[in-house]
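> structure, please.
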Amino acid sequence: MTRRLLFQVLAAGAQEPPPIRVEVSLVNVPFSARDARGQLVKTLSKDDIEILEDGVPQTISHFSTGAGSSLSIGLIADMSGSQREFQKDHRRDLKDFLKNVMQKQDKAFLICFAGATKLVAPLTASIDAITDSFRAYEKNEKGVVFPSIGPQELRAGASSVYDAIYNTSEEVMSRIDTGRRALILFSDGEDTSSAHNLMDAIEAAQRCGSTVFCLRYTELNKNRWTARNKYGRSVMERIARDTGGLDFDAGESDNLREAYKQIADILRASYDLGYSSSNKNPDATFRKIQIRAKRADLTFRHKAGYYAR
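From the prediction side, this is the model:
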């Protein structure tokens, strides 16, 4: 499928034209706050906090709360060989996630990947449409074509975790112009065939303003963690941490709905702020972001920073 046709598919799913975007210097930072008891704080104003870039205080030019705002959720399901035994879990847990998190104003889309990355369900408010498309993808139903996301690479391996996140961020999520954005990754994090690396994937998610939440499904060797398993776990932890999200081990969780509740609570109780960096040099260096409370005993979760491209 051509890139032009892919854009038409995405626009049809969203039922609105793709946005026109221009380069701006505004740095967007979604974040959540907790008090000393670990409870989410939902009543902050921009006067309660300060934001620093590389230790330098910045002037907040935009501040809003997540209460009542819509969500745009990208679901990314790993369908590679190491996830074969978990595919029924993916379908069940994906549906449970949507039922527990989505509200009437929210929309979601579904990406599946092994080597290539496929758009299985475009942006929609229908949970049934997403799960029906997922089932059609699993069964490889005749006549059903799922457009590819990103360039067609020659691959030696069969799991392109980094490419899936990168291409989803760049070609799908960045073209959605409404709502708070989140990516939910169902995978073991064990990349074997991506053209992009871990930092490319994290930077792409940060650039489109997506918080990434990771649900980890790990195929163990006789109930023991292999070196490859540990690598995948560290990947999932890093992606979630650097984008302001959380990671969960689906195999160790007795109740994934508690994980879904935590994700929903963070997204609904989050804030968005924006500032124009006082450092105008586009030197491609990493700029570290820190949010501090002007009153004591608050902790914040947000992306670690950004690259000044």
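> any weak-confidence spans in the stretch 101-250 of the chain?
For the stretch 101-250 of the chain, no stretch has pLDDT under 70.
> ok, the residue sitting furthest away from the middle of the chain - contacts?
The C-alpha centroid of the chain is most remote from Lys222, which lies 31.3 Å away (CA atoms, centre = their mean). Neighbour list for Lys222: empty [criterion: CB atoms under 8 Å, 6 or more residues apart in numbering]. C-beta here means a position set from N, CA and C on the backbone, and glycine is covered the same way.
> ok, longest helix in this protein?
For the chain, the helix with the greatest residue count under DSSP state H is helix 227-243.
> assign Asn28 to helix, strand or coil.
Following DSSP: H, G, I helix; E, B strand; the rest coil, Asn28 is assigned to strand.
> and for it, the neighbour number?
Per other CB atoms under 10 Å, the neighbour tally for Asn28 reads 17.
> contacts only, for Ser276.
Counting by CB under 8 Å, 6+ apart, Ser276 has contacts 25-27, 58-59, 61.
> go with 7 Å
25-26, 61 (CB atoms under 7 Å, 6 or more residues apart in numbering).
> can I get those in CSV with pLDDT?
Shown next, in CSV, are the contacts of Ser276 (pLDDT from 0 to 100):
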residue, pLDDT
Ser25, 71
Leu26, 86
Ser61, 94
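> turn those residues into JSON lines, including distance to Tyr217 and neighbour count.
Shown next, in JSON lines, are those (distance: CB to CB, whole Å; neighbours: other CB atoms under 10 Å):
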{"residue": "Ser25", "distance to Tyr217": "40", "neighbour count": "11"}
{"residue": "Leu26", "distance to Tyr217": "37", "neighbour count": "10"}
{"residue": "Ser61", "distance to Tyr217": "41", "neighbour count": "12"}
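> tell me the one of those nearest Ile176?
Using CB to CB, Leu26 is the member of the contacts of Ser276 that lies nearest Ile176, at 17.6 Å.
> separation between that closest one and Glu171?
With distances taken as CB to CB, to the nearest Å, Leu26 is found 22 Å from Glu171.
> check which helix or strand covers the residue positioned nearest the centre of the chain.
Centroid check for the chain by CA atoms, centre = their mean gives Leu183 as the closest residue, at 2.2 Å. Using DSSP states H and E, the element containing Leu183 is strand 180-187.
> no further queries at this time; thank you.
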